[in-house]
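Participant: Could you look at this predicted model? Sequence included:
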Amino acid sequence: MRPRMLCLALLLPGLLTSSAAAQTTIRVPADQPTIQAGIGAALPGDKVLVAPGTYAERITFSGKAITVASEMGPVFTIIDGGGADVVITFNSGETRSAVLRGFTVTNGGGFSGGGVAVSNASPTIEGNIITGNTGCDGVGITVSFGSPLIVGNQITSNARNGCSGGGGGAGIKVVGAAATVIEENLIADNWLTDGNGGGISLFAAGTPVIRNNIIARNTASGQGGGIWLANRSDALIVQNLIFANSAGEGGGVHLLVPSGSRGPRLVNNTITDNYATIAGRGSAVFADGFDIDAVLVNNLLIGTAGQTALYCGNFNASSPIIQFNDVFTPGGGSYGGICADQTGMNGNVSVDPAFVAPWANDYHLQPASSAIDAGNSGAQDVPGVDLDGSLRVADSNGDGVVVIDLGAYERPGGAIRLPAAADSMLTPSSQNLNDGANALLVVDTHRTVVAFDLTGVPITGLRRVTLRLTLAEPAASWGGQGRLVSVHRLAVPFAEGNGQWFDLPGSSRTRGNGPGVTWNCAVDGEIANSMPDCGTPWNGGATAAGPASASALHTNGLTGPVEWDVTADVVQALSDNAVSIQWLIRRAVEGQSGHAIYHSKEGAAALSNPDLAPTLKFEF
């Protein structure tokens, strides 16, 4: 269940030094005795590469666009601030080109920011362990009027010491309108007394993005054990696992939206097993203020027994937009305060989500979970992959309906259906004609080509892949016993094109324009003319096609979907890190008769039925 950022201790030296080549590499201590001295000697684009060891110093980047990285990763390379002040400082307008990577940052003791302090700057803070720091606000990392990228870090066991109130944030504090990005971090076991935001505090933070993090076991005595946001903080909070956090109100998330502000959007988060100490006021989420435009969609908001999961305060007589969530408390009321019970409305349910093993912090869904295929796949900001990196919007229960699951994880073991990215037919009698925008795909003397985008498709656990086309009319002329139609993987990609010609009245026909596939060319540079505008003819795909990958029997009168098993082709493509895959579809024996007309992706769209489009089905 853990995303890649939890494996920092296993990072290899090559991974930590794989960024684009710098102008000069300055080694510490071989070339310079300290990290700060290395920074002082560096020019823009240089890399300061630090050998394993413990470095008792506090450093500042001095506005330089440089990378400061460890050779061996954070476990072996420690920057110890000595408890006197902030360990790492960015306060001179640094951009994302200023990179801190691969250190343990510890024993900082600043008032605002113990481990890392960012002020009016936007650096990249990546792959570090920021732990054991003390201070008042933003004890692990504090951001003031900056837009840093905070990615792949472990921010743990940081604690407030000797102060109260303020902006809070034992793990991370963001204050001042900007666009901070916090993603793929572990933010855990941070402690805040007399304040708000055990894990993350957002105060007038602008438009931050909090995505794909694990936020666990953080404590705030005030509000927001996992995340606290107030003032104008229109955060996008997407696909985080937020569990076992504690606060007076809003054990998981506490939001207070000011007048005139949109408020946050919470999309596909799993917020569970959190605790609100004050009369159970929102163990998962506490929402208050002018929150009528705040959005909660596709979330699992699961309350602790005896506590409301979602509680709305009465500061203003409004509540967020609540759609396609599972809001559930075992043995108690799921909604509290002025939040009306939304069960059975706007796609919301209230049932036990059936986690695999919550006692072991495994919040994946069991096969029978009601949260499977229960979300809104078309909701704004739906992620492309889940917290594990598996493709989202899948048919997780195998019922033939492709719908996103609720929460941070798409259940593995289901099926993913991908529509064709491109399709077209090839005409031997008009060898420079493109039919890429036609509603039909034809196999007779014609041939058909289809292509699919493989970006984000996982290979792990893949059992079977099926190519499916759906007949638009009964198959004909296939002889008494039927005949085979074969698919052949193409070694050369084609361009779809926008021509429309086959089976259309003259007034509707168009050759199209620009690039497109024809019988003569995989990519004809200009399909508007009748010339082959390519250097290498491909003879209806034959010169680029491999041997038959699979064949499907076609008989006279056959209707509905036709399928080919193309598992071997797809596994090979994924193993080769291919971003797409294409096939040529033709009669197995070209000299024999046989006529099949399938729906194209354009034809399926015209009929408002995407299931008719050429599709790849992945089974796990």
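Facilitator: That came in fine, so what should we check first?
Participant: pLDDT of stretch 279-298, averaged?
Facilitator: What stretch 279-298 shows for mean pLDDT is 92.
Participant: which residues of the stretch 501-620 of the chain score low on pLDDT?
Facilitator: Nowhere does the stretch 501-620 of the chain drop to pLDDT under 70.
Participant: Quick one: the helices in it, in order.
Facilitator: Listed in chain order, the helices of the stretch 501-620 of the chain (DSSP state H, counting those that start in this stretch) span 567-575, 601-606.
Participant: out of the ones you listed, deepest packed?
Facilitator: helix 601-606 (a mean of 18; mean count of other C-beta atoms under 10 Å). Backbone N, C-alpha and C define where each C-beta goes, glycine included.
Participant: Which elements pack onto that one?
Facilitator: Packing partners of helix 601-606 (3 or more C-beta pairs under 8 Å, 6 or more residues apart in numbering; DSSP states H and E): none among the helices and strands.
Participant: most distant residue from the middle of this structure?
Facilitator: Gly480 (50.9 Å; C-alpha atoms, centre = their mean).
Participant: For my notes, confirm it occurs in a strand.
Facilitator: No - Gly480 is assigned coil when assessed by DSSP: H, G, I helix; E, B strand; the rest coil, not a strand.
Participant: so what's it scoring on pLDDT?
Facilitator: For Gly480, the pLDDT comes out at 93.
Participant: One more: Leu462?
Facilitator: Looking at Leu462, the pLDDT reads 83.
Participant: show me the contacts for it.
Facilitator: Counting by C-beta atoms under 8 Å, 6 or more residues apart in numbering, Leu462 touches Thr567, Val570, Val571, Leu574, Phe618, Glu619, Phe620.
Participant: again, only this time at 6 Å
Facilitator: Phe620 (C-beta atoms under 6 Å, 6 or more residues apart in numbering).
Participant: Mind listing what's buried along the longest strand seen in the chain?
Facilitator: Longest strand in the chain by number of residues (criterion: DSSP state E): strand 545-554. Across strand 545-554, burial judged by 16 or more other C-beta atoms under 10 Å covers Ala545, Ala548, Ser549, Ala550, Ala552, His554.
Participant: for stretch 378-391, same thing?
Facilitator: Ala379, Asp381, Val382, Pro383, Val385, Asp386, Leu387, Asp388, Ser390, Leu391.
Participant: ok, which pair from those residues is furthest apart?
Facilitator: Ala379 and Asp388 (19.9 Å; C-beta to C-beta).
Participant: okay, how far is it across stretch 356-373, tip to tip?
Facilitator: Using C-alpha to C-alpha, to the nearest Å, the end-to-end distance of stretch 356-373 comes to 17 Å.
Participant: Run through the bridge partners of His488.
Facilitator: Ala548, Leu584 (DSSP bridges).
Participant: list the contacts for it?
Facilitator: Ala545, Gly546, Ala548, Leu584.
Participant: which helices and strands does the longest strand of the chain pack with?
Facilitator: The contact analysis (3 or more C-beta pairs under 6 Å, 6 or more residues apart in numbering; DSSP states H and E) places strand 545-554 against strand 483-490, strand 561-565.
Participant: returning to that earlier point: which of the contacts of His488 sit farthest apart?
Facilitator: Of all pairs drawn from the contacts of His488, the one with the longest distance (C-beta to C-beta) is Ala548 and Leu584, at 9.8 Å.
Participant: distance of Gly557 from Gly197?
Facilitator: 67 Å (C-beta to C-beta, to the nearest Å).
Participant: The two: which is more packed in?
Facilitator: Gly197 (34 against 8; other C-beta atoms under 10 Å).
Participant: Please report how far that one lies from Asn158.
Facilitator: In terms of C-beta to C-beta, Gly197 sits 12 Å off from Asn158.
Participant: Against Ser97, how distant is Asn158?
Facilitator: For Asn158, the distance to Ser97 - C-beta to C-beta - is 27 Å.
Participant: who touches Asp444 in this structure?
Facilitator: His595.
Participant: State the phi and psi torsions of it.
Facilitator: phi -160, psi -110 (degrees, to the nearest 10).
Participant: pLDDT wise, what is it at?
Facilitator: 97.
Participant: Distance check, it against Asn529.
Facilitator: Distance from Asp444 to Asn529, by C-beta to C-beta: 26 Å.
Participant: and what of Ala604?
Facilitator: 30 Å.
Participant: Asp435 now?
Facilitator: 16 Å.
Participant: more neighbours, the two?
Facilitator: For the pair Asp435 and Asn529, the greater number of neighbours falls to Asp435 (34 against 12), based on other C-beta under 10 Å.
Participant: Surely the more buried one forms part of a helix?
Facilitator: No - using three-state DSSP, the assignment for Asp435 is coil, not a helix.
Participant: Surely it and Trp501 touch.
Facilitator: Yes - the pair Asp435 / Trp501 is scored as a contact, 5.3 Å apart, by C-beta atoms under 6 Å.
Participant: Report the contact partners of Phe103.
Facilitator: Contacts of Phe103 (C-beta under 6 Å, 6+ apart): Ser70, Pro74, Thr77, Ile79, Asn128.
Participant: and if we set it to 7 Å?
Facilitator: Neighbouring residues of Phe103 by C-beta atoms under 7 Å, 6 or more residues apart in numbering: Ser70, Pro74, Thr77, Ile78, Ile79, Asn128.
Participant: if I look at the first one, how far off is Ile182?
Facilitator: Right, Ser70. The value you get for Ser70 to Ile182, if C-beta to C-beta is used, is 22 Å.
Participant: Likewise for Asp386?
Facilitator: Computed as C-beta to C-beta, the Asp386 to Ile182 distance reads 18 Å.
Participant: sorry, back to before: of Asn158 and Ser97, who's got more company?
Facilitator: Between Asn158 and Ser97, counted using other C-beta under 10 Å, the more crowded position is Asn158 (30 against 14).
Participant: Where does the prediction get shaky in the stretch 151-300 of the chain?
Facilitator: Using pLDDT under 70, nothing in the stretch 151-300 of the chain is flagged.
Participant: now the helices: where do they sit in it?
Facilitator: Using DSSP H, counting those that start in this stretch, helices in the stretch 151-300 of the chain do not occur.
Participant: For Ile292, give me its contacts.
Facilitator: Ser318.
Participant: buried residues in stretch 177-194?
Facilitator: In terms of neighbour count (16+ other C-beta under 10 Å), stretch 177-194 has its buried residues at 177-178, 180-192.
Participant: Give me the subset of those lying in strands.
Facilitator: Val181, Ile182, Glu183, Leu186, Ile187, Ala188, Trp191, Leu192.
Participant: Can you name the residues that contact the last one?
Facilitator: This points to Leu192. Each residue near Leu192 by C-beta under 7 Å, 6+ apart is listed here: Arg160, Gly168, Ala170, Gly198, Thr219, Ala220, Ser221.
Participant: And for Met345, the neighbour number?
Facilitator: 10.
Participant: Now do the same for it: helix, strand or coil?
Facilitator: coil.
Participant: How much space separates it from Ala30?
Facilitator: Applying C-beta to C-beta to Met345 and Ala30 gives a distance of 66 Å.
Participant: Please apply the same query to Asp533.
Facilitator: From Asp533 to Ala30 the distance is 58 Å (C-beta to C-beta).
Participant: And Lys601, by the same measure?
Facilitator: For Lys601, the distance to Ala30 - C-beta to C-beta - is 58 Å.
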